[in-house]
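Novice: Requesting a structural model of the entry that follows:
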Amino acid sequence: MKDVNPVADLDEAWDAHVRWLESEGREGEQLDFSGADLREADLTEGRLTEAKLSKVNLAGVGLLDADLSGADLRGANLRGAFLRCAYLSGADLREADVAYTRLPGADLSGADLSGANLRCSKLEGAKVDAAYLPSWYAAVAAHARWLETKGREGERLDLSGGDLRDTCLRHARLAKAKLSNADLRSADLFRVDLRGVDLRGAGLTDADLRRANLEGANVGSEQLEGAKVGGAKLPAWCVAPTSAPPSR
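Specialist: From the prediction side, this is the model:
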């Protein structure tokens, strides 16, 4: 990366990058802000296709409708960034910090997120076809699509017996998912939609279920002992610990 003030020189570099793209490399210059601190930048609708942005700091930056398809974002800091409807198809996000990032409507098809930190990132509604994601992240995104389309697209989530200890799933839409015998100890399930979920035999010790909706979920009162359930909507049979959930 050139020795420049990245934010001050961004517009000039951006224009040169657009010329580079449109001329197929004959004019302008490929944008290279690798390692730069761009936290003060406004990249809304930015055309950053194939830009070199490895280890760039974009924490908390607004990237609404930005085109980052094919961009090199290896090791980038995108923590808390707003990527609604952003284009990240084919982007290289290996080892990137994408924690707490909001991605509704984003296109991540073919993106490589191997080794990325996806803690509490919101992938619901994102397009993740052929993306390299941790298996359960891809499954959660597919489940959200399954719910939205009433089963026409996506796939019902089945993580029965899965190891989800310490996983952050807050605000996720998991209604009707299959999670029997899953290990959800210490998982962050704050405000998660768990209506009608099969939780038989699931471990929930120290799980954060505050304000979660478990109406109709197949879970026993004894499973919730030790979990945080303040403000949660519990199945009727969990109100009386002596009653058992219905068989299914």
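
Novice: Now do the strands in the protein.
Specialist: With DSSP state E as the criterion, the chain has no strands.

Novice: shaky segments in it?
Specialist: In the predicted model of the chain, residues 1-8, 124, 130, 135, 239-248 satisfy pLDDT under 70.

Novice: Apply 80 and report the result again.
Specialist: Within the chain, the stretches falling below the threshold (pLDDT under 80) are 1-9, 122-125, 128-138, 238-248.

Novice: Number of residues surrounding Gly28?
Specialist: Neighbour count of Gly28, defined by other CB atoms under 10 Å: 16. For the C-beta atoms, the positions are set from N, CA and C on the backbone; glycine is no exception.

Novice: which residue packs closest to it, ignoring adjacent ones?
Specialist: Leaving out its chain neighbours, the residue that sits closest to Gly28 by CB to CB, 6 or more residues apart in numbering is Arg19, at 3.0 Å.

Novice: these two touch, right, Leu214 and Gly231?
Specialist: No: in this structure Leu214 lies outside contact range of Gly231 using CB atoms under 8 Å: 11.6 Å.

Novice: mind listing what Arg79 touches?
Specialist: With contact set as CB atoms under 8 Å, 6 or more residues apart in numbering, Arg79 has these partners: Ala59, Gly60, Asp97, Val98, Ala99, Tyr100, Thr101, Asn117.

Novice: I'd like those residues laid out as TSV, including neighbour count and distance to Ala142.
Specialist: As requested, the contacts of Arg79 are arranged in TSV below (neighbours: other CB atoms under 10 Å; distance: CB to CB, whole Å):
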residue	neighbour count	distance to Ala142
Ala59	18	28
Gly60	15	28
Asp97	22	24
Val98	25	18
Ala99	18	21
Tyr100	19	21
Thr101	27	19
Asn117	17	21
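
Novice: Export those to a markdown table and append columns for distance to Pro134.
Specialist: Converted to a markdown table, the contacts of Arg79 look like this (distance: CB to CB, whole Å):
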| residue | distance to Pro134 |
| --- | --- |
| Ala59 | 21 |
| Gly60 | 23 |
| Asp97 | 14 |
| Val98 | 11 |
| Ala99 | 13 |
| Tyr100 | 16 |
| Thr101 | 15 |
| Asn117 | 10 |
